[in-house]
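# Everything below, folded, please.
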Amino acid sequence: QVQLVESGGGLVQAGASLRLSCTASERTFNSYAMGWFRQAPGKEREFVAAMWRGGGTYYADSVKGRFTISRDNAKITVYLQMNSLKPEDTAIYYCAADLRGSDNSKEYRYWGQGTQVTVSA
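Just a heads-up that it's a prediction; the model follows:
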């Protein structure tokens, strides 16, 4: 079973950058579609970015142009580069994996534990 571990969260000021990492436990992950989601206090989990199995990417409108999803198959890791961070980006960020990619969290079978991102004004 694929296990995912996120890292890279932290506390930053508005305008700063962070890079989140999501490392999988086995190389079968390299054939999975990957998604990043986030959940702020009192809100539902929302889609952030996805990378399909063929390498295509898709972003939520709220992060388009600021966030970039990428992967390094040699390291079995997917990244979320977050630039120009805003206070409204504050949330717990989760990576997810599934054979079928989607912007719907219900479509993902495997999830990491989450990493906190806090952006101060």
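
# CA only for contacts and neighbour counts going forward, please
Noted.

# Tell me how far the residue positioned nearest the centre of the chain lies from residue 121.
Nearest to the geometric centre of the chain sits residue 36, at 2.6 Å (CA atoms, centre = their mean). Separation of residue 36 from residue 121 (CA to CA, to the nearest Å) stands at 23 Å.

# Any buried residues in stretch 14-27, and which?
Judged by neighbour count using 16 or more other CA atoms under 10 Å, the buried positions of stretch 14-27 are 14, 17, 18, 19, 20, 21, 22, 23, 24.

# I'd like the residues you listed as a markdown table, with secondary structure and pLDDT appended.
Putting the buried residues of stretch 14-27 into a markdown table (DSSP: H, G, I helix; E, B strand; the rest coil; pLDDT from 0 to 100) gives the following:
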| residue | secondary structure | pLDDT |
| --- | --- | --- |
| 14 | coil | 98 |
| 17 | coil | 98 |
| 18 | strand | 98 |
| 19 | strand | 98 |
| 20 | strand | 98 |
| 21 | strand | 98 |
| 22 | strand | 97 |
| 23 | strand | 97 |
| 24 | strand | 95 |
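
# nearest to residue 42, of the residues you listed?
residue 14 (21.4 Å; CA to CA).

# if I look at the closest one, how far off is residue 58?
Taking CA to CA, one finds residue 14 at 24 Å from residue 58.

# what's the answer for residue 49, then?
6 Å.

# who has more neighbours, these two?
Remark: of residue 49 and residue 58, residue 49 carries more neighbours, 25 against 18, as counted by other CA atoms under 10 Å.

# in the sheet, who's paired with that one?
residue 36, residue 59 (DSSP bridges).

# got it, and residue 120?
Beta-bridge pairing of residue 120 under DSSP bridges involves residue 13.

# quick one, what contacts it?
Contacts for residue 120 (CA atoms under 8 Å, 6 or more residues apart in numbering) come out as 11, 12, 13, 14, 86, 87.

# What are the boundaries of the helices in the protein?
In the chain, no helices are found when defined by DSSP state H.

# quick revisit: residue 77: which of the buried residues of stretch 14-27 is nearest?
residue 23 (4.3 Å).

# how far away is residue 8 from residue 79?
From residue 8 over to residue 79 (counting by CA to CA), the distance is 10 Å.
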